[in-house]
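Chemist: dropping the sequence and predicted coords here.
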Amino acid sequence: MLDQTRYLITTADERTWKFDQPVLFLGEWCRLYERKSVWSKMDAVVASPFILKPERKVSDIDYVQGLSNELLIEISAVLNVFHGTNYSIRYWNILLGHWLKRHVAVCFNRYFTLQQALSKYKVSATTIFEAGEYGLATSDSFSFILACNDDIWNNILYSRVLKYMNEVEVEIEIDSLTECSNTTFLQATKPFIKQRSGIKQIIKTIGSSFLPKLCRNSDAFVVNSYMPRWQDIKLQLALGQCPQIWQSPPLQSVPISLEIRRRFSLGQTGHVGFDHFVRSLISEMIPACYLEGYSTLCKQAESLPWPKTPKFIFTSNSFDADELFKAWVGNKVEQGVPYLTGQHGNNYGTHCYFGNPTWPEQAAADKFLTWGWDNNDTKNIPAFIFKIAGSPRVRKPRGGVLLVELHAPHLLDIEDSYYQFGIYQKEQFRFVEELPESIQKDLTVRLHGAWPKTRWADDRRWSDHRRSVHLETGTESIVKLIKNSRLVVYSYDSTGMLETLASNIPTLCFWHGGFDHLLPSAKPYYQQLKNVSIIVDTPEQAAQHISQYWDNIDSWWLSPSVQTARKQFCDKYARGERYPVYKMRQLLLAAVLDNNKQLNKLGNR
């Protein structure tokens, strides 16, 4: 333990800071870049980041996933009693499984981050917020994601951890926030909605109101398939039904009720440490739509003008944060309607945490359509990469080089992802610095479209570091940018990498941590890409590789070894398809038929 006593700061809210004494920032998220002029003058240190130890990473992830599954069983039983229902665990997994997994991960991170800091540093005191009935509950699961980035919300969550660790001698100072309440917080966390052009919005509005009148109750319900819109329309026509533009209306909000939450709790007897702590917070943190607003949610879902007895349900996106869709699906699944889901981006089948098959879109579905892999599970159906179906990316052989960036993460991960993103940012700068000046002039750095919704200040960081860099701030279409590039560089394991590889566009990748994030089954396929320098270890190696082949990228990219590795990788994780509509129709109908056969076998036992 370090000798000097310091005042603990848990968030970037400067109302909880002390400027007249040594302080300990719990993490880099406390030090906003735009406030560097303030915190750089303080007597401060940043606590060591909470990172899973390599030898314990697999077991820690298994523990978090296992605990999530255990809690799902418990919360399903408690909610059935509380609401007077008798739904299956599968129903509740569809409805709140994503939130529950994130709840466990966030609590795990905050609990052990604080525990580690208190064991390494001498902490004198800290400031926590109290504001009447302000609590940790959000309106829905999407609001929960946004709340995890909120300073006040995190301060209060850390205060819950600190109070739970009552043997720790840390003085608590109270800051009363009279202007803050649940209502103002929930209003501030409404989902960001991308504004569509006037004509597109008019067409969508008309379609959403008129087309359902042409829908039959037995039509398949296909929503957010992740295929291009026109391919989605063709798919519905191929299924013999009128194309629909389904969308959920806004969720009706309900106020948080402390009285209701006092009557709702999970059993904590026999549990200690983190197992006890995470259970103790369920009643305070469960979103309102699953508790106070559950009956309202169900009534609203029942009133939707959607098929009453659909042939099947298929989505590749709505399974996470669309509460009305999930409530509707859960009810239909209880009635025996086949529920099919599709892969939404990368990580599925490859990532040791996000690729775990216990996530609801896989575990709660009858069948899961992948972009090529099956991982020896009959539930997984190898399909193709939906996102570019029928519209592969193209490039300009003598164009520039495009560096595609990631945005700062939501504070949802088990580990300190904010610290890791700081390493990531430094590697981006190193990559650019290593490029020859002549190639730097042809470089475009494309910021992720979500960067303005973070507090990382990407544009300012780049400008302060190297003003001459051509920065594209996310307004230009990524398809157009790729079209004008001879080479695309991805600095993270991304969906975009799968798209350009599937389109046979010269692709180069580097990222921090190597293959540590991968499942053992995926590592050999990534290693094949590394063997031919599609993936390299460092930003310097990436820059050197570009310099070597800049005048003739195709001499490397079209070489037999590179193309063989690319094709083998894509066949597994980014499979192409010449006739996507026909193939998708075939796979969906076969999946429904196979599912019905399995149900019949079970019924005959």
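Modeler: Looks like it arrived, so ask away.
Chemist: quick one: neighbours of the spatially closest residue to Ala365 that is not a sequence neighbour, just the number.
Modeler: Using Cβ to Cβ, 6 or more residues apart in numbering and skipping residues adjacent in sequence, the residue nearest Ala365 is Thr341, 4.2 Å away. All C-beta atoms are positioned from the backbone trio N, CA, C, and that covers glycine. For Thr341, the neighbour count with other Cβ atoms under 10 Å is 23.
Chemist: numbering from 31 from now on, please.
Modeler: Got it, the first residue is 31 from now on, which makes the last one we talked about Thr371.
Chemist: and Thr371, how far from Thr400?
Modeler: From Thr371 across to Thr400, the span is 10 Å (Cβ to Cβ, to the nearest Å).
Chemist: ok, the residue nearest to Ala395 touching Trp389?
Modeler: No - between Thr371 and Trp389 there is no contact under Cβ atoms under 8 Å: 10.0 Å.
Chemist: which stretches of the chain have low pLDDT?
Modeler: For the chain, the stretches flagged by pLDDT under 70 are 31, 197, 208-238, 632-635.
Chemist: what pairs with the longest strand seen in it, parallel or antiparallel?
Modeler: Ordering each strand of the chain by length in residues (DSSP state E) puts strand 152-160 first. Strand 152-160 has the following sheet partners, assigned by DSSP bridges: strand 35-39 (parallel), strand 201-206 (parallel).
Chemist: residues making contact with the first one?
Modeler: Outside of strand 35-39, the residues within contact range by Cβ atoms under 8 Å, 6 or more residues apart in numbering are 46-48, 51-56, 60, 74-75, 147, 151-156, 200.
Chemist: which residues does Leu125 contact?
Modeler: 320, 353, 356-357, 360.
Chemist: if we can go back for a sec, which of the contacts of strand 35-39 are buried?
Modeler: The neighbour-count test (16 or more other Cβ atoms under 10 Å) marks 46-48, 53-56, 60, 74, 147, 151, 153-154, 156, 200 as buried among the contacts of strand 35-39.
Chemist: related to what we said a few turns ago, buried ones only from the contacts of Leu125, please, as a PyMOL command.
Modeler: Per 16+ other Cβ under 10 Å, the buried members of the contacts of Leu125 correspond to this PyMOL selection:
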select buried, resi 320+353+356+357+360
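Chemist: any idea which of the contacts of Leu125 is closest to Arg496?
Modeler: Nearest to Arg496 among the contacts of Leu125: Glu353, at 43.6 Å, using Cβ to Cβ.
Chemist: for the closest residue to Asn561 other than its chain neighbours, helix, strand, or coil?
Modeler: Excluding the flanking residues, the one nearest Asn561 by Cβ to Cβ, 6+ apart is Ala595, at 6.5 Å. Following DSSP: H, G, I helix; E, B strand; the rest coil, the label given to Ala595 is helix.
Chemist: any idea how far Ala595 is from Lys602?
Modeler: For Ala595 relative to Lys602 (Cβ to Cβ), the value is 11 Å.
Chemist: returning to what we had before: three-state assignment of the residue nearest to Ala395?
Modeler: Three-state call for Thr371 (three-state DSSP): strand.
Chemist: now Phe304
Modeler: Per three-state DSSP, Phe304 ends up helix.
Chemist: pull the longest helix from the chain.
Modeler: Ordering each helix of the chain by length in residues (DSSP state H) puts helix 119-150 first.
Chemist: which parts of that one are buried?
Modeler: Applying 16+ other Cβ under 10 Å to helix 119-150 flags 119-148 as buried.
Chemist: can you check stretch 378-388 too?
Modeler: 378-380, 382-383, 385-386.
Chemist: element containing Ala357, please.
Modeler: helix 353-364 (DSSP states H and E).
Chemist: quick one: that helix to chain centroid distance?
Modeler: 21 Å (Cα atoms, centre = their mean, to the nearest Å).
Chemist: quick check: angle from it to helix 119-150?
Modeler: 130 degrees (axes from the mean of the first three to the mean of the last three Cα atoms, to 10 degrees).
Chemist: for helix 353-364, packing partners?
Modeler: If you count contacts as 3 or more Cβ pairs under 8 Å, 6 or more residues apart in numbering; DSSP states H and E, helix 353-364 packs onto helix 119-150, helix 324-332, strand 343-345, strand 369-372.
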